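**Student:** What follows is a predicted protein model with its sequence.
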Amino acid sequence: MFDLFDFVTSNILLPVGGIAITVFVGWFWGFDKVQKALTNEGKLKNQGVIKAFFLVTKFVSPVLITIVLLRGLGII
């Protein structure tokens, strides 16, 4: 029974939660709110890092986390 819980938690729920977070931040929360959160409401000047973070969060991370999910399920 504990092996089942371990499998479901580590191989299904964690990747699905990661995909949900990246999709929410990248597609629904939006760049303006990410920028506001990461610049401490404009006090920090790190625009290049924020743009890179947002692009990776929006496009790269969901794909990579999906690969992790598929590998955990044994599909890949």
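**Tutor:** Nice, thanks for sending it over.

**Student:** use CA for all of it now, contacts and neighbours both
**Tutor:** Will do.

**Student:** Against which helices or strands is the helix or strand of the chain with the lowest mean pLDDT packed?
**Tutor:** The helix or strand of the chain with the poorest confidence is helix 31-38; it has a mean of 91 (mean pLDDT, DSSP states H and E). Helices and strands touching helix 31-38, as assessed by 3 or more CA pairs under 8 Å, 6 or more residues apart in numbering; DSSP states H and E, comprise helix 47-55.

**Student:** Please point out which parts of the helix it packs on sit buried.
**Tutor:** By 16 or more other CA atoms under 10 Å, the buried positions in helix 47-55 come out as 50, 54.

**Student:** what angle separates that helix from helix 31-38?
**Tutor:** 120 degrees (axes from the mean of the first three to the mean of the last three CA atoms, to 10 degrees).

**Student:** ok, and what's touching helix 47-55?
**Tutor:** Under the criterion CA atoms under 8 Å, 6 or more residues apart in numbering, residues 26, 31, 34-35, 38 lie in contact with helix 47-55.

**Student:** Can you tell me which of these is nearest Asp6?
**Tutor:** Gly26 (28.9 Å; CA to CA).

**Student:** secondary structure element for the most centrally placed residue in the chain?
**Tutor:** Compute the mean C-alpha point of the chain, and by CA atoms, centre = their mean the closest residue is Thr22, 3.1 Å away. Thr22 belongs to helix 14-23 when assigned by DSSP states H and E.

**Student:** show me what contacts Gly18?
**Tutor:** With contact set as CA under 8 Å, 6+ apart, Gly18 has these partners: 62, 65.

**Student:** err, Leu44, not the other one
**Tutor:** No contacts exist for Leu44 under CA under 8 Å, 6+ apart.

**Student:** and the least confident helix or strand of the chain, how far out from the chain's middle?
**Tutor:** 15 Å (CA atoms, centre = their mean, to the nearest Å).
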